[in-house]
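[1] my questions are about this predicted structure, shown below with the sequence.
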There are 2 protein chains.
Amino acid sequence: MKLHWSPRSPYVRKVMVAAHELGLADRITCVRSVAALPTPNPVIMADNPLSKIPTLVLDNGDVLQDSRTIVEYLDSLAGPGVLLPLEGPGRWRALSRQALADGLLDLLILWRNELAKPEERQTEAWIKAFTTKVNATFDSFEQQTAHTPTPSFGIGEIALGCALSYADFRFAELNWRTGRPHLAKWHESFAARPSAEATEAFDG
Amino acid sequence: MKLHWSPRSPYVRKVMVAAHELGLADRITCVRSVAALPTPNPVIMADNPLSKIPTLVLDNGDVLQDSRTIVEYLDSLAGPGVLLPLEGPGRWRALSRQALADGLLDLLILWRNELAKPEERQTEAWIKAFTTKVNATFDSFEQQTAHTPTPSFGIGEIALGCALSYADFRFAELNWRTGRPHLAKWHESFAARPSAEATEAFDG
């Protein structure tokens, strides 16, 4: 399997954390592919016209689009049902938790794209909205974690761990841990997992 | 079930098309909830801190996040396996097709948000990138449709139909049908389905 990959993409990291958790990392050939909102990359676009990563190309040529599809596919190879329950309330909770964490990431990345513009072209109302929604989502995860301090580890937790680590990497000034002790403690346990250590983001 | 809903959101429409296809529309109470990137809505945020729609609140209080989770949940109530194969290559193809169509929608909505700004704050490089990626994605769907003119109808087709109809609704000037006869013909068959007619977007 060939994965369009970057060491800094939190969505790619979701896939690689899952691959390590499932014992499948060795079966994935990572190809470094730069994806940025303003710069379509023809190499990625040959497999995915959206120019987004992660994109997974199977050995038979089939292309799997986006981190959610890829993580579930990997889970089916190793399990299924290891990182995502196959049915019942646990499945909807896991998918919703993943969607909430992915939505948090989407906001952080849009926010970063906005801050990358010259100041006179930034839109204050967008930045204010990002701040409100991002903090409300951190609060929601804090409440969930206070209620269930040690959730079983699956796709929802992978997405959450990657989102929080991305906040550390790109938005350290947000200090998301302040006032959110349960979430901070949970993130420590995420960061200590071998799968998280093997996939930590780096600049370069 | 309570759905945070709007007549103009293409992601909400995905859910409602699925609900009609599955015979579940009567079980959903739609609550009109306005979601816009620059304007967090406290009513939605009480259920979903991202302030995004669709958000589905079950009768037991559980909250289901985002159109993909909700569509799969509805499929599980009516089937499962009606709109999304439960396993095998057909499942990955359907999820990837949905992800590609959702990615197209994401781009169109970001593009629209960019165009809503005063001209001096719009970023030319973003608009150019949106144009390139969106047209490449239309082309990719045209090729897929030329290869399989009458795919079986599932979540991938719902997402594609909603994305193309959104392009008609908000980006008529793109003339996406030009040079893409297979996709144009397929979209006619989508638009003629009772589920699509019952959920057509309107201003108001």
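    Arrived safely. Numbers count the residues shown, from 1 in each chain, chains lettered A, B, ... in the order given.
[2] now the helices for chain A?
    A:10-22, A:42-45, A:67-78, A:89-115, A:124-147, A:155-170, A:181-191, A:194-197 (DSSP state H).
[3] let me have these in CSV, extended by mean pLDDT and distance to residue B:26.
    Where you see a C-beta, it was placed from the backbone N, CA and C, and this is true even at glycine. Listed next are the helices of chain A as CSV, based on pLDDT from 0 to 100; distance: least, CB to CB, whole Å:
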stretch, mean pLDDT, distance to residue B:26
helix A:10-22, 98, 37
helix A:42-45, 98, 43
helix A:67-78, 98, 29
helix A:89-115, 97, 21
helix A:124-147, 97, 31
helix A:155-170, 98, 31
helix A:181-191, 98, 39
helix A:194-197, 98, 44
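[4] deepest-packed of those, please.
    Of all the helices of chain A, helix A:10-22 carries the top mean neighbour count, a mean of 25, counting by mean count of other CB atoms under 10 Å in any protein chain shown.
[5] show me what that one is packed against.
    On a contact count with 3 or more CB pairs under 8 Å, 6 or more residues apart in numbering or on different chains; DSSP states H and E, helix A:10-22 meets strand A:2-5, helix A:67-78, helix A:89-115, helix A:155-170, helix A:194-197.
[6] residue ranges of each domain in chain A, please.
    A:2-78, A:89-197 (automatic domain parsing).
[7] as TSV, these with distance to residue B:189 would be great.
    Shown next, in TSV, are the domains of chain A (distance: least, CB to CB, whole Å):
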stretch	distance to residue B:189
domain A:2-78	23
domain A:89-197	30
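[8] quick one: which of those is nearest residue B:9?
    domain A:89-197 (14.7 Å; CB to CB).
[9] which residues does residue A:20 contact?
    Contacts for residue A:20 (CB atoms under 8 Å, 6 or more residues apart in numbering or on different chains) come out as A:194, A:195, A:198, A:199.
[10] my guess is residue A:167 meets residue A:173, correct?
    No. When contacts are counted by CB atoms under 8 Å, residue A:167 is not listed as touching residue A:173 (10.0 Å).
[11] can the helices of chain A go into TSV with extra columns for distance to residue B:151?
    Output for the helices of chain A, formatted as TSV (distance: least, CB to CB, whole Å):
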stretch	distance to residue B:151
helix A:10-22	27
helix A:42-45	23
helix A:67-78	17
helix A:89-115	24
helix A:124-147	36
helix A:155-170	27
helix A:181-191	39
helix A:194-197	36
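[12] nearest to residue B:177, out of those?
    helix A:42-45 (21.8 Å).
[13] is there proximity between that closest one and chain B?
    Yes. Counting by CB under 8 Å from any CB of the partner chain, chain B has neighbours in helix A:42-45: residue A:45.
[14] tell me what that helix is packed against?
    Taking 3+ CB pairs under 8 Å, 6+ apart as the contact cut, helix A:42-45 packs with no helix or strand.
[15] and the pLDDT at the closest residue to residue A:80 other than its chain neighbours?
    Excluding the flanking residues, the one nearest residue A:80 by CB to CB, 6 or more residues apart in numbering or on different chains is residue A:86, at 6.2 Å. pLDDT for residue A:86: 96.
[16] same deal with residue A:202?
    70.
[17] that one touches residue A:13, doesn't it?
    No. Counting by CB under 8 Å, residue A:202 stays clear of residue A:13, with 11.0 Å between them.
[18] and the closest residue to residue A:33 other than its chain neighbours, what does it touch?
    Nearest residue to residue A:33, sequence neighbours excluded (CB to CB, 6+ apart): residue A:4, at 3.9 Å. Residue A:4 sits next to A:12, A:31, A:33, A:35, A:43-44, A:47-48, A:53-57 when contact means CB under 8 Å, 6+ apart.
[19] for the residues you listed, which one is nearest chain B?
    Within the contacts of residue A:4, proximity to chain B (CB to the nearest CB) peaks at residue A:48, which comes in at 7.6 Å.
[20] quick check on the residue nearest to residue A:115 when sequence neighbours are not counted: phi, psi?
    Spatial nearest neighbour of residue A:115, excluding adjacent residues (CB to CB, 6+ apart): residue A:122 at 6.9 Å. Main-chain dihedrals, residue A:122, degrees, to the nearest 10: phi -80, psi 150.
[21] now do the contacts for the closest residue to residue A:39 other than its chain neighbours.
    Nearest residue to residue A:39, sequence neighbours excluded (CB to CB, 6+ apart): residue B:129, at 6.6 Å. Residues counted as contacts of residue B:129 (CB under 8 Å, 6+ apart) are A:37, A:38, A:39, A:40.
[22] you'd agree the first one is up against residue A:113?
    Yes. Using CB under 8 Å as the test, residue A:37 is close enough to residue A:113 to be in contact (5.2 Å).
[23] does residue A:30 touch residue A:1 like I think?
    No. Using CB under 8 Å, residue A:30 makes no contact with residue A:1, being 9.8 Å away.
[24] one step back: need the contacts of residue A:20 in CSV (columns: distance to chain B).
    Formatted as CSV, the contacts of residue A:20 follow (distance: CB to the nearest CB, whole Å):
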residue, distance to chain B
A:194, 27
A:195, 23
A:198, 25
A:199, 21
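[25] any chance of those in TSV with distance to residue B:98 as columns?
    Below are those laid out as TSV (distance: CB to CB, whole Å):
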residue	distance to residue B:98
A:194	32
A:195	27
A:198	30
A:199	26
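[26] which residues touch stretch A:134-146?
    Surrounding stretch A:134-146, the residues in contact under the criterion CB under 8 Å, 6+ apart are A:97, A:100-101, A:103-104, A:107-108, A:111, A:151, A:160, A:174, A:176, A:179-180, A:182-183, A:185-186, B:40, B:45, B:49-51.
[27] mind listing what the residue of chain A most remote from its centre touches?
    Note on chain A: the largest C-alpha distance from the chain mean falls to residue A:120, namely 30.3 Å (CA atoms, centre = their mean). Taking CB under 8 Å, 6+ apart as the criterion, residue A:120 is in contact with B:120, B:121.
[28] so how far is stretch A:158-173 off the chain centroid?
    9 Å (CA atoms, centre = their mean, to the nearest Å).
[29] what is the burial count for residue A:57?
    18 (other CB atoms under 10 Å in any protein chain shown).
[30] list the contacts for residue A:40?
    A:51, B:129, B:132, B:133, B:136.
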